[in-house]
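A.B. asks: Just to be clear, the model below is a prediction. Sequence and coordinates:
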Amino acid sequence: MIADISHYQGEINWVAARKELKLCILRASVGSNIDKKYPSYAKNCGVPFGVYHYVKAGTTAEAEIEAKFFYETATQEGLKPLFYVADIEYETQNKETTKPITLTFCETLRKLGAKKVGLYIGQSRYPYIEDSLDKFDFIWIPRYGKNTGYADETYKPKYSCDLWQYTSEGSVEGISGNVDLNKLNGTKTLEWFLQNYEEPKKEETNMAEKFTSQHFVEFCEKFVGRPYWYGTCVYNCTQDRYNSKSKQYPSHYTSSRAAKYKQHIAAKEVCADCVGMIKGYAWTNGGDTVFESIGTGSKITSKYQSNNCPDRSANGMFSYAKSQGMEWGTIDTIPEIPGIAVRYDGHVGVYVGNGYVVEERGFNYGCQKTKLKDRKWLHWYKLPWIVYGEGNSTGRELGDRLLKKGMKGDDVAELQTLLTQLGYLNDKIDGDFGSKAEAALKEFQKAMQLEADGEYGEKSHKAMMEAIGDDQPDFEEEAPETTEPAPEVKPEEPAPEAKEIQLEVTGGSVRVRSGDSTSYSILTTVKKGKKLTPILDQDNKPLVSKNGWYAIKRNDQIGWISGKYIKAL
């Protein structure tokens, strides 16, 4: 299986994914911005990979600059992609500009040292450069047809190419949501694409597999529903363990709880307390032997992993992480990075993404998966023995939460992008809300006659959506429009919400508007894989306008999204 992957795929379980993948084509950069997941993907994927760059250049000078940025990004920290691809699909590449931009991009890459250069181009633009295709080592064409997730030979590209991107609806084990899949379509073999591939060292691969944040999250989620025993660290529930702990902590192991403890012992369950679950992951070499022993009564072998995880209390673990220079912050600045720890005085849990925490909550609760916002967490912090990625975009769309200095995420990056486009910000777009972004936002707020507090809330978001209007290009083309008005949905008499039906975004970045065409104002943008709740009509089906737009409920508002970029689940 050959998949092309960008940060929209989020946190990936590479251990599972590499069972299916023979080759990855990773997006390294877009225009003048790095794909923020590229470094971690390239280091941890464990399969052969090439790279591509989404070209936004409109002139040959811009193409040269982007090619240099792409090459430097792709080869950072000694990374060695097998090949480099120019992705030509942006609106600035038209009949007149496509050829000079594409050739300049290719020539620049070769001068920098790229040995194998490919071209990704759609059939509509293919004729613009057909007489110069020999300048590239291979051609890659997207054509989906009915886009079912499978390759339908009926829709093979009508032009000659070496790779055929046959769907954007594919699935790969270890990756949540849809994935672009490809197949060989010419005379070039898979071995041709894999030339010069070096197998990763075994020890490094094993370490990356075990101590990634994704693996840690999977370990913690397996504890949900299991019992809480104070003072324990992923041990089997045994009578000897109970006898020992009841003497050590009599206030916790009371006679009124004895019957329930006996049930745990009879089931030969695995138990832990809040910090014990976290320590146990490190002390059992990434969870080795823990869950295999459930119900067997066998002893769990415990050992320190590189002495990076000390025997500390919940509060002591937070202090230790800070002493090791690990990132941390107040809970309102928590990044969307599964596997980071969250804490309040005397208690710790593990943030598993999408607004949820796994925590050993106490004897009466056991291990639970709770909503982050429903608990009294004070801080988040990274653990020294976990290999963290760059984060996940899930749940971080502009307008979803209040943004202020010190916060990070995809929504911050989008805010930086919009402030840059409007001329208020001249700084890198890195998803980190710093002083320059704060100052730029204040200038924008002043211009919009809002309170210039440097915090991006509901009023600032509404003003921003009105300010950008339709001047900024959508990442996806909108569906065809008609002159017929959208079905009326009155906020004071809301249509019933779907209880079971959901919609999933299939486009890369799609706008939600206040009406059913591009003439209406933008409420927000939604990323690929996002789940949406539709408004239902009188037949209990999703409400769809004559234009093919779906009505959805979002943040107590009624929005509209093009049906071209969503699917019903």
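C.D. replies: That came in fine, so what should we check first?
A.B. asks: Can you give me the buried ones in stretch 135-148?
C.D. replies: Within stretch 135-148, the residues that count as buried by 16 or more other CB atoms under 10 Å are 136-144, 147. C-beta coordinates here come from the backbone N, C-alpha and C atoms, glycine included.
A.B. asks: measure that stretch end to end?
C.D. replies: End-to-end distance of stretch 135-148 (CA to CA, to the nearest Å): 33 Å.
A.B. asks: which residues of the stretch 51-200 of the chain fall in strands?
C.D. replies: 84-88, 117-121, 138-142, 163-170, 179-184 (DSSP state E, counting those that start in this stretch).
A.B. asks: about what we covered before: output the buried residues of stretch 135-148 in CSV; the columns should cover distance to residue 56 and pLDDT.
C.D. replies: Shown next, in CSV, are the buried residues of stretch 135-148 (distance: CB to CB, whole Å; pLDDT from 0 to 100):
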residue, distance to residue 56, pLDDT
136, 19, 95
137, 23, 94
138, 22, 95
139, 21, 95
140, 18, 94
141, 20, 94
142, 18, 94
143, 23, 92
144, 23, 91
147, 25, 87
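A.B. asks: now, which of those sits nearest residue 153?
C.D. replies: Here the nearest of the buried residues of stretch 135-148 to residue 153, counting by CB to CB, is residue 143; it sits at 11.1 Å.
A.B. asks: For the closest one, give me its contacts.
C.D. replies: Residue 143 makes contact with 123, 155-157, 164-166, according to CB atoms under 8 Å, 6 or more residues apart in numbering.
A.B. asks: And residue 107, by the same measure?
C.D. replies: Residues in contact with residue 107, defined by CB under 8 Å, 6+ apart, are residue 135.
A.B. asks: does residue 80 really touch residue 198, like I thought?
C.D. replies: Yes. Counting by CB atoms under 8 Å, residue 80 does reach residue 198; the two are 7.3 Å apart.
A.B. asks: can you list the weak-confidence ranges in this structure?
C.D. replies: Counting by pLDDT under 70, the chain has low-confidence residues at 199-210, 287-308, 389-397, 400, 469-500, 508-509, 519, 521, 554-557.
A.B. asks: how far away is residue 174 from residue 559?
C.D. replies: Going from residue 174 to residue 559 by CB to CB, to the nearest Å gives 32 Å.
A.B. asks: With neighbour numbers in mind, choose between the two.
C.D. replies: residue 559 (24 against 17; other CB atoms under 10 Å).
A.B. asks: Show me what counts as buried in the helix or strand hosting that one.
C.D. replies: Using DSSP states H and E, residue 559 sits within strand 557-562. Within strand 557-562, the residues scored as buried using 16+ other CB under 10 Å are 558-562.
A.B. asks: do stretch 331-339 as well
C.D. replies: Buried, per 16+ other CB under 10 Å, within stretch 331-339: 331, 333-339.
A.B. asks: Save the residues you listed as CSV, and put in distance to residue 131 and secondary structure too.
C.D. replies: Below are the buried residues of stretch 331-339 laid out as CSV (distance: CB to CB, whole Å; DSSP: H, G, I helix; E, B strand; the rest coil):
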residue, distance to residue 131, secondary structure
331, 59, helix
333, 54, helix
334, 53, coil
335, 48, coil
336, 46, coil
337, 48, coil
338, 49, coil
339, 51, coil
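A.B. asks: Please tabulate these in CSV, including the columns distance to residue 518.
C.D. replies: Compiled in CSV, those are given as follows (distance: CB to CB, whole Å):
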residue, distance to residue 518
331, 38
333, 35
334, 35
335, 33
336, 29
337, 35
338, 35
339, 39
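A.B. asks: which residues in this protein form helices?
C.D. replies: 14-17, 38-44, 60-74, 98-112, 190-193, 202-210, 213-221, 239-248, 258-267, 274-283, 314-323, 410-421, 435-447, 458-468 (DSSP state H).
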